[in-house]
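Enquirer: fold the following, please.
(2 chains)
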2 protein chains.
Amino acid sequence: MGDPASPPSVAGKVMAILAAFLPGDVRLTLTEICRRAGLPLSTGHRLVGELVGGGFLERLPDGSYRVGMRLWRIGAQATEPRELRELALPYMEDLYAATRENVQLAVLSDDQALYVERLRGPRSVPIVTRVAAELPLHATGVGKVLLAFGPPELTDRVIAAGLHRHTPHTITDPVRLRAELARIRDSGVAGTDEEMSLGSRSVAVPVRSRGRVVAALSLVTRRHAGDMRLLAPALLTAARALSRDLDAEAGFR
Amino acid sequence: MGDPASPPSVAGKVMAILAAFLPGDVRLTLTEICRRAGLPLSTGHRLVGELVGGGFLERLPDGSYRVGMRLWRIGAQATEPRELRELALPYMEDLYAATRENVQLAVLSDDQALYVERLRGPRSVPIVTRVAAELPLHATGVGKVLLAFGPPELTDRVIAAGLHRHTPHTITDPVRLRAELARIRDSGVAGTDEEMSLGSRSVAVPVRSRGRVVAALSLVTRRHAGDMRLLAPALLTAARALSRDLDAEAGFR
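Expert: Got it, this is the predicted structure:
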């Protein structure tokens, strides 16, 4: 948002207020919004009031605020996640029907795995991801796929930024991570074993469009203790079908 | 956005620029954005540049603009559509698997039917709705449900605003519409027969939470010529299951 040395513009302040909701806290007080946006209460109060007036934020009866329906509607116009998820949903449904496990679709964004869609059954166990959440590349199945098939500089950047230990099983040694990524490039399948959260395991495969890896598809389970890679053929089948649809759509453009 | 007599504030201008994308045109030129937002090109150019810098908009190689991933991520934090669609998706998948028809979920918003989720098969025919689109209440199946079970003032407002004729089959006579809504309240099922687009037919039912109608679920087809109401039991079954889940969630709050 502009030169960090210059004071933020009003547009910059508006963006900072809206971005305060990004970490996924659905309700924030005015004080919390202003703290996260780095704004004095008086300025924050005036701008938040304007955003409520425009339907971009909603004020709840308890005085806290949440993202409004109008902002949701505008965000939903974003082309990239919409097209990908529209094409992916039927195959994700097939995977869910066949496995009854959590099914997830993620893309690379800001050196993180950005989840664009997730299916979970009414009675499946809660998992850490949400749609539009970002999780680290080195500790998730989809992240490892995006890392393995991304540019080499990406792995360098992720390692330089530090491999945070989310559980005792997270790979935090750069040499071990690089070896794991080479194996994933070889086999076309990634897996995690309690590396992001204890009790959760995943298997993930790349989704290609015109030969380039554009997304990763995964199954996450808390139930199975066996070899997760037995789920890979189901994922690979769905990913190939989705890739064909992506290629067909790209052909129309 | 504020007193129409006073000039719009910067926050108001930012909201007007973002709202320019609401009609569902995914790419807009700077000129088009400024025309829709009612801003001079110089002001628009500066603010659009700031929004691109913050990731709220994206500039494409051809110089046009679209909604950015960051704005999509913030919009996805909106609680109401997220919770409803998370609970509804498994049942919508079941309906899709059972019928292979377009499955839609809508809520009431600004006297329109706002589509919060839609499933369609990879090979099903294109239909007029998109996620986050708004369609008229009197001409759609979900709309008639929301109208029939909404407050009486809602029907008065919709009739006063004028019943636009989308096809020769749209109900534009207030007396006929009121009679149709009474029948829907009676039977718990709404239908349309080419009233929004020629060739499309739908059947829709209410989704309740704690006894109140909070959404409508529908099937839309271009294939069947028979009695669409034969699809109602499938919809009613899914809507009841979803209502139970909504009640259970509400109990936790």
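
Enquirer: quick check: closest non-adjacent residue to A:M228.
Expert: A:V203 (4.5 Å; CB to CB, 6 or more residues apart in numbering or on different chains). C-beta: built from backbone N, CA, C; applies to glycine.

Enquirer: in three-state terms, label A:Y115 for me.
Expert: strand (DSSP: H, G, I helix; E, B strand; the rest coil).

Enquirer: same deal with A:I17?
Expert: helix.

Enquirer: the stretch 1-150 of chain A: strands as residue ranges?
Expert: A:57-59, A:65-67, A:102-109, A:112-119, A:134-135 (DSSP state E, counting those that start in this stretch).

Enquirer: redo the ones you listed as a markdown table? Include distance to chain B and mean pLDDT.
Expert: Output for the strands of the stretch 1-150 of chain A, formatted as a markdown table (distance: least, CB to the nearest CB, whole Å; pLDDT from 0 to 100):
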| stretch | distance to chain B | mean pLDDT |
| --- | --- | --- |
| strand A:57-59 | 8 | 94 |
| strand A:65-67 | 4 | 93 |
| strand A:102-109 | 6 | 91 |
| strand A:112-119 | 6 | 87 |
| strand A:134-135 | 8 | 87 |
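
Enquirer: pull the number of nearby residues for whichever residue of chain A sits closest to chain B.
Expert: Of all residues in chain A, A:G75 sits closest to chain B, at 2.2 Å by CB to the nearest CB. By other CB atoms under 10 Å in any protein chain shown, 29 other residues sit near A:G75.

Enquirer: now it, nearest residue through space, not along the chain?
Expert: B:G75 (2.2 Å).

Enquirer: about what we covered before: check contacts around the residue nearest to A:M228.
Expert: Counting by CB atoms under 8 Å, 6 or more residues apart in numbering or on different chains, A:V203 touches A:141, A:189-191, A:218-219, A:228-229, A:231-232, A:235.

Enquirer: pLDDT below threshold where in the stretch 1-150 of chain A?
Expert: A:1-6, A:121-130 (pLDDT under 70).

Enquirer: ok, now with 90
Expert: A:1-8, A:22-26, A:69-70, A:72-73, A:75-102, A:109-110, A:115-134 (pLDDT under 90).

Enquirer: what segments of it are helices?
Expert: Shown for the stretch 1-150 of chain A, the helices assigned by DSSP state H, counting those that start in this stretch span residues A:10-19, A:30-37, A:41-53, A:69-75, A:79-99, A:141-148.

Enquirer: which one of those helices is the most hemmed in?
Expert: helix A:141-148 (a mean of 29; mean count of other CB atoms under 10 Å in any protein chain shown).

Enquirer: what's the angle from that helix to strand A:112-119?
Expert: Regarding helix A:141-148 and strand A:112-119, their directions subtend 140 degrees when assessed with axes from the mean of the first three to the mean of the last three CA atoms, to 10 degrees.

Enquirer: I'd like the distance from helix A:141-148 to the chain centre, please.
Expert: Centre-to-centre, helix A:141-148 and its host chain are 12 Å apart (CA atoms, centre = their mean, to the nearest Å).

Enquirer: that helix vs strand A:102-109, what angle?
Expert: Going by the same axes, to 10 degrees, helix A:141-148 makes 30 degrees with strand A:102-109.

Enquirer: is helix A:141-148 in proximity to chain B?
Expert: No: using CB under 8 Å from any CB of the partner chain, we find that helix A:141-148 stays clear of chain B, coming within 14.7 Å at best.

Enquirer: export that helix as PDB, just CAs?
Expert: The C-alpha trace of helix A:141-148 is given here as PDB (Å, rounded to 0.1, in the frame of the first residue of the first chain):
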ATOM      1  CA  GLY A 141       0.000 -32.100   1.300                       C
ATOM      2  CA  VAL A 142      -1.300 -29.600  -1.200                       C
ATOM      3  CA  GLY A 143       1.600 -27.200  -0.200                       C
ATOM      4  CA  LYS A 144       4.200 -29.900  -0.900                       C
ATOM      5  CA  VAL A 145       2.700 -30.500  -4.300                       C
ATOM      6  CA  LEU A 146       2.700 -26.800  -5.200                       C
ATOM      7  CA  LEU A 147       6.300 -26.500  -3.800                       C
ATOM      8  CA  ALA A 148       7.600 -29.600  -5.600                       C
END
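
Enquirer: what packs against that helix?
Expert: strand A:102-109, strand A:112-119, helix A:152-160, helix A:174-187, strand A:190-193, strand A:201-209, strand A:212-221 (3 or more CB pairs under 8 Å, 6 or more residues apart in numbering or on different chains; DSSP states H and E).

Enquirer: redo these as JSON lines? Include distance to A:G12.
Expert: As requested, the helices and strands packed on helix A:141-148 are arranged in JSON lines below (distance: least, CB to CB, whole Å):
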{"stretch": "strand A:102-109", "distance to A:G12": "21"}
{"stretch": "strand A:112-119", "distance to A:G12": "23"}
{"stretch": "helix A:152-160", "distance to A:G12": "26"}
{"stretch": "helix A:174-187", "distance to A:G12": "36"}
{"stretch": "strand A:190-193", "distance to A:G12": "38"}
{"stretch": "strand A:201-209", "distance to A:G12": "34"}
{"stretch": "strand A:212-221", "distance to A:G12": "31"}
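
Enquirer: mean pLDDT lowest where, among those?
Expert: For the helices and strands packed on helix A:141-148, mean pLDDT drops lowest on strand A:112-119, to a mean of 87.

Enquirer: packing partners of that strand?
Expert: Using 3+ CB pairs under 8 Å, 6+ apart, strand A:112-119 sits against helix A:79-99, strand A:102-109, strand A:134-135, helix A:141-148, helix B:79-99.

Enquirer: who does it pair up with?
Expert: strand A:102-109 (antiparallel), strand A:134-135 (antiparallel) (DSSP bridges).

Enquirer: residues contacting the shortest one, please?
Expert: Looking back up the chat, that one is strand A:134-135. Against strand A:134-135 from outside (CB under 8 Å, 6+ apart): A:106, A:109-110, A:112-115, A:128-129, A:143, A:196, B:73.
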